[in-house]
Every structure is written in structure tokens, then in C-alpha cells.
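>>> dropping a prediction and its sequence here:
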Amino acid sequence: MTEPAQTAEAIVRAVRVVCDPEIPVLTIEDLGILRSVEVESAGEANETGESQETGEGQGTGEDASLRAHVVITPTYSGCPAMETIRADVQRAARAAGATEVDVELVFSPAWTTDWMNEEGKAKLDAYGIAPPTGKAAAGPIGLSMAVKCPLCHSLNTHELSRFGSTACKALYRCSDCLEPFDYFKVH
């Protein structure tokens, strides 16, 4: 018999490791688009609105059904990966024991590269995509930081195109190793 609290924890863990379909080395948690995961018994109403990520206070019994409510924020409005991410989140939560899965898209506040975690930025670099440099501007446009080549680590790089393989990336080239590479734009 699996305890509902253990199943709830498994659901949260499974959702956290869902990968971005456009950059499969990153999880939705690495990207910072995963806002919350709440798991509760399907028969209970959570009147307080508090997250029950650990599943504490769940009913007991083998046939307790669990509802997962997942909130994600797209990297930008109209991101084509969101439907795939939604389906992957639903599939992962169900595989971990959720009987009902609701994935809510929240557009405000808008996602920013500031929400990416350091592990995710390191994964981008190891994958050959330069991670975002600096912080998203809250006011006037600030100075742009040099973009480091993820291949040879030179700062002697230049932008070839503001538009890369996806809307989140720009195309750069290293003047030292002469290799082109994607740069995950700050926004």
C-alpha cells in the first residue's frame, strides 16, 4: 500500500523534472516556468488555498484519489512548447499517481530569465547554448553584458542575428573559435 503523502511527494517530484521540449536538458523547474504544484485528495476541497506539496493531511487508504493542480508561466505569450509541456506535466503527474491533473497557465507576472536557476544556466552552457547574462531590465535599458562562447569560453563574440532557432534565443558567433552558437536572450 502506498500512502497518499508518499504519492503526493512523488507527483511533485515527477512534475518538477518534466523537460522543456525545445531544450531537453532543462527541466521546467530549471527554466523557472513551474510556479507551483499542489496535491490534494480529489474528494477534499482545499479552502485555505495553501499548497500541500508534501501531501500532509491527506486521507488514508489505497484507493484515495489525488488531484494535482500545476501552475506554469510561459517563457513568452504564444510559446509553441506550452501545449507539449502541459501534456508532459499531465502524463508525469498521472504516472506518479495523480488521478486528476489540472495545468493552469498564468501570464502575470510575465516570465523573465531571472527566474532560471543556476543549475539550469550551467546545463545550458554544457549543452552548447550560452546562458543569459545579467538581469532583466526593470527600468531603462542598461548595459549589455558580453556573451561567453559555450564552446571555448571566449568573450570575443558577436551577434549574427537577434532571432535564433527559437524566439528565446539569438544567434551568435565566436571570433576566436569561429563557431556559431545560440544565446538564451535576457528578458
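In hand now; what should we look at? Note that the structure is predicted; figures quoted are calculated from it, not measured. Residues are numbered from 1 along each chain as shown.

>>> which residues in this protein form strands?
34-41, 66-72, 100-105, 129-130, 157-161, 169-174, 180-184 (DSSP state E).

>>> quick one, helices of the chain?
4-16, 28-31, 82-95, 118-127 (DSSP state H).

>>> residues contacting the residue nearest to residue 112 when sequence neighbours are not counted?
Spatial nearest neighbour of residue 112, chain neighbours left out: residue 136 (4.3 Å); criterion: Cβ to Cβ, 6 or more residues apart in numbering. Where C-beta positions appear, they are placed from N, C-alpha and C, glycine not excepted. Contact analysis of residue 136 by Cβ atoms under 8 Å, 6 or more residues apart in numbering lists 112, 113, 114, 186, 187.

>>> among these, which two are most distant?
Farthest-apart pair in the contacts of residue 136 is 114 and 187; separation 9.4 Å (Cβ to Cβ).

>>> pull out the buried positions in stretch 27-43.
Buried residues in stretch 27-43, counted by 16 or more other Cβ atoms under 10 Å: 27-35, 37-41.

>>> point out where the chain drops to low pLDDT.
Within the chain, the ranges that satisfy pLDDT under 70 run 1-2, 43-63, 137-143.

>>> domain parsing for it?
According to automatic domain parsing, the chain comprises the domains 4-105, 115-184.

>>> pick the most deeply packed of those domains.
Most buried of the domains of the chain by mean neighbour count (mean count of other Cβ atoms under 10 Å) is domain 4-105; its value is a mean of 18.

>>> quote the end-to-end distance of that domain.
This stretch, domain 4-105, spans 26 Å end to end (Cα to Cα, to the nearest Å).

>>> quick check: chain neighbours aside, which residue is closest to the residue most central in space within the chain?
Residue closest to the average C-alpha location in the chain (Cα atoms, centre = their mean): residue 28, at 2.2 Å. Counting by Cβ to Cβ, 6+ apart, residue 34 is the residue found nearest to residue 28 once chain neighbours are left out, at 4.5 Å.

>>> distance of residue 10 relative to residue 68?
In this view, residue 10 and residue 68 are 11 Å apart by Cβ to Cβ, to the nearest Å.

>>> repeat that for residue 33.
Applying Cβ to Cβ, the value for residue 33 to residue 68 is 16 Å.

>>> and for residue 118?
Residue 118 is 27 Å from residue 68, by Cβ to Cβ.

>>> repeat for residue 74
Distance from residue 74 to residue 68, by Cβ to Cβ: 19 Å.

>>> then residue 77?
25 Å.

>>> now residue 83
Distance from residue 83 to residue 68, counting by Cβ to Cβ: 18 Å.
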